[in-house]
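Participant: Sequence and predicted model, in that order:
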Amino acid sequence: MSMFELLRRDGLARICKLETPHGILETPALLPVINPRTLTVSPRELYDVFGFKAIITNSYIIRNDEKLRGQALSGGLHELLDYPGVIMTDSGTFQSYMYGEVDVKNEDIVTFQRDIGSDIGTVLDIFTEPEWSMERTSDAVDVTLARTEVAAKLKGDMLLAGVVQGSIFPDLRERCARSLAAIEADVHPIGGVVPLMEQYRFAELVDVIVASKKGLNPARPVHLFGAGHPMVFALAALLGCDMFDSASYAKFARDGRFMFPEGTASLSDMKYISCHCPACHGHTYEEIVAMTPARRAELIARHNLWVSQEEILRIKRAILEGDLWELVERRCRGHPALLDALRKLGDYEEFLELTEPLSRERAVFYTGPETLNRPAIKRYQRRFFERYEYPKTEAMIVFDETSKPYWRHRQQEMQEILSECDSHFFVESILGPVPIELDEMYPIAQSVMPLRGDRDAVEGMKDLMERMSHEHPYAVAVGWDGKQTLDTLMMVCSDEPSFDLDLARVKAVSDYQFGQGAGSILLDGQVELKKSNNTGKIRNVIVDGEHILSMRANDGFFTLRPPGAERLRKGFPAPRLRVMVKDDSVPFNRDGRNVFCTFVQECDPGLRPMDEVLVVNSSDELVAIGRAMLTRDEMLAFQTGMAVKVREGIKK
Ligand code: GUN
Ligand code: ZN
């Protein structure tokens, strides 16, 4: 079992470490394809100059070439290629797809890869083509699975790549992935997608990746076979692909095509060279056109590698900084077919929500109507309708969107209205109906929208307001129109004002963050709120003299204090909000040490990354409080890495 550890994540996208016989590979990673017979750019240069710490080559080609085969078997693959990093090998499947039958057996090619010292060897899978019938595809999946089981017994110290096939049939993809999860493979390439990418069928590629990810073990790296264009890297990474490989950099170069994350540019169409990568730097368009075809292809191949490597680094930055969704939305504007793929993500709202963090450091930037399909926003709408409890006031006033936080900008109007009637307040936002007391919470306060809403956005907002109008309990509901509205309210309202913004905020955020009913559980008793002198924002929540919650200034959510955690533990039955740890972990966690995956016994499936969690022992006693780094399925699947970042241990 190879070690794969998740270090940082944003949704399904993740920065991980994969342990291989030739060192640790950090993902996401692009593996340039090396043709052992024609080295456009040498493996040594890829490692030393470009910084590619892994490459992929074809064991079938090596095996069929007497000289290469002998050298590989005697001195090893790394010596043959003069490459010190991680070498993955493919099996000949792609050759059989391109040129028909190959004369090699699964057992032989897997053994050969192992014997030449490949770090990651690939099964001889069957390339399932998009034109095939479901029946033919299903049979091919069965053969691939049987071969993978055989390969797992032969792999030795080599990591085994077990390929997900199943063409464009989501059920077959998921079935194949689920079966692979039960086999001792180490890496899971998603195969059979080259034709989809060549034909720009990116929306179908989304279906294929999602179906595969659903079935796979989350603690194994996923490789997207044949994904070599930097314009798809961000989208694929967002969906949880950890590795890519590309022969395109060299193929495109031979046709005079420059790759960019925004798309492809042909030298024949270009008038200027607008790139300053180390390959292009110092060369004019005229110089490049005047080069011999071989030199030109070399220059463009190097350009394509630099640009691809830069995009991988850009994606890593985005994962760490929390703006991968923005990057993907921008990249998907590089081609209408990619925009289709972006829109397709809207179909997978529920699946994407499972790994969506509670909040991010970066605000949501609106880049277009597709932004409204992001899981951060869909979750807001869903939790609002499922978890929010309306305050029992007589009236409700709906304000138009203003600057944020809303309460500050509507303070004067709210005071005026409250002096006349028992009202509560909403803002009609592009994100949906926002009760005034949720206005400091992610993503409401942490979102930046254009002032002029587009048609889709405005329509979506009206639909959500309409939905709320069927549910809310208020006797009177009106849009705010200044003095006029006040006059109307004075005529129809009779109850005494009862709305307390601060208390409502603590309750509404609690219900949203911890689940319906959490507010009542936490606030049962004498409530006292400590506010910041500078900002007027709530800092600490004290109930019956105990500090139970602290409100975070950055995302408007609560950090649990031990007495608050204890209230939730008593109020919600297990496994709600809990990570149950094994006995040998308990003393460490009581001491304030983090919870590691191998020590997780059970976990609430409702927990999301960055959620506050109660760490409990097998008798459901509180041993620590902290933040979930992973989902339940991930905590139980990973063999290493942090599951809960503990903030405070609880001594016996
Ligand atoms: N290279 C590109 N696609 C594939 C695939 O489906 N299987 C294998 N083994 N290699 C590939
Ligand atoms: Zn360049």
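Facilitator: Yes, it's here. Ligands and ions are numbered 1, 2, ... in the order given.
Participant: For the one helix or strand in the chain whose mean pLDDT sits lowest, which helices and strands make contact with it?
Facilitator: Within the chain, confidence by mean pLDDT, DSSP states H and E is lowest for helix 93-99 among all helices and strands, at a mean of 89. Here helix 93-99 touches no other helix or strand, going by 3 or more Cβ pairs under 8 Å, 6 or more residues apart in numbering; DSSP states H and E. Yep, even glycine has a C-beta here, placed from its N, CA and C like the rest.
Participant: what about it and ligand 1, any contact?
Facilitator: Yes: among the residues of helix 93-99, 93, 94 lie within reach of ligand 1 under Cβ under 6 Å from any ligand atom.
Participant: From the chain's centroid, how far away is that helix?
Facilitator: Centroid separation for helix 93-99 versus its chain: 32 Å, with Cα atoms, centre = their mean, to the nearest Å.
Participant: Residues contacting it, please?
Facilitator: 58, 60-61, 102, 122, 124-127, 129, 163, 191, 194, 226 (Cβ atoms under 8 Å, 6 or more residues apart in numbering).
Participant: Residue 139: neighbour count?
Facilitator: 14 (other Cβ atoms under 10 Å).
Participant: And it, what's its pLDDT?
Facilitator: Looking at residue 139, its pLDDT is 98.
Participant: which residue ranges form the helices in the stretch 1-150 of the chain?
Facilitator: Remark: helices assigned in the stretch 1-150 of the chain by DSSP state H, counting those that start in this stretch are 43-45, 59-64, 66-75, 77-81, 93-99, 106-115, 134-154.
Participant: Could you see whether ligand 1 lies near the longest one?
Facilitator: What it means is helix 134-154. No: using Cβ under 6 Å from any ligand atom, helix 134-154 never reaches ligand 1; the gap is at least 9.0 Å.
Participant: Identify the residues contacting the residue of the stretch 551-652 of the chain found nearest ligand 1.
Facilitator: Closest approach between the stretch 551-652 of the chain and ligand 1, counting by Cβ to the nearest ligand atom: residue 637, at 24.2 Å. The neighbourhood of residue 637, defined by Cβ under 8 Å, 6+ apart, consists of 217, 218, 219, 597.
Participant: Quick check: the residue of this protein nearest ligand 1.
Facilitator: Across the chain, the shortest distance to ligand 1 (Cβ to the nearest ligand atom) belongs to residue 191, at 2.4 Å.
Participant: wait, that residue sits on residue 162?
Facilitator: No: checked against Cβ atoms under 8 Å, the pair residue 191 and residue 162 is beyond contact range at 9.9 Å.
Participant: Relative to the whole chain's centre, how far out is the longest helix seen in the chain?
Facilitator: The helix that spans the most residues within the chain, counting by DSSP state H, is helix 293-321. Distance, stretch centre to chain centre, for helix 293-321: 22 Å (Cα atoms, centre = their mean).
Participant: following that helix, which helix or strand shows up next?
Facilitator: From helix 293-321 onward toward the C-terminus, using DSSP states H and E, the following helix or strand is helix 324-331.
Participant: Who are the packing partners of that next one?
Facilitator: Judged by 3+ Cβ pairs under 8 Å, 6+ apart, helix 324-331 is in contact with helix 230-238, helix 293-321, helix 336-344.
Participant: Quickly compare the ones you listed and say which is most buried.
Facilitator: helix 230-238 (a mean of 26; mean count of other Cβ atoms under 10 Å).
Participant: Okay, now the unreliable bits of the protein?
Facilitator: Applying pLDDT under 70 to the chain flags the ranges 1-2.
Participant: in it, what residue sits furthest out from the centroid?
Facilitator: residue 491 (52.1 Å; Cα atoms, centre = their mean).
Participant: before we move on, which element is that residue in?
Facilitator: helix 483-492.
Participant: which other residues reach the next helix or strand after that helix?
Facilitator: Per DSSP H and E, helix 483-492 leads on to helix 501-514 as the next helix or strand towards the C-terminus. Helix 501-514 is contacted from outside by 358, 383-384, 387-389, 391, 407, 414, 424, 435-438, 440-441, 517-520, 522-523, 527, 529, 531, 538, 541, 549, 551, 556-558, 568, 572, 577, 611-612, using Cβ under 8 Å, 6+ apart.
Participant: which SS class is residue 434?
Facilitator: At residue 434, secondary structure determined by DSSP: H, G, I helix; E, B strand; the rest coil is strand.
Participant: and this structure, which residues reach ligand 1?
Facilitator: 90-91, 93-94, 122, 125, 127, 163, 191-192, 194, 225-226.
Participant: one more time with 5 Å, if that's ok
Facilitator: Residues of the chain lying close to ligand 1 (Cβ under 5 Å from any ligand atom) are 90, 93, 94, 122, 127, 191, 192, 194, 225, 226.
Participant: Output the residues you listed in TSV; the columns should cover neighbour count and distance to residue 168.
Facilitator: Shown next, in TSV, are these (neighbours: other Cβ atoms under 10 Å; distance: Cβ to Cβ, whole Å):
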residue	neighbour count	distance to residue 168
90	30	22
93	26	18
94	21	18
122	33	22
127	22	13
191	31	13
192	30	9
194	19	13
225	25	15
226	24	15
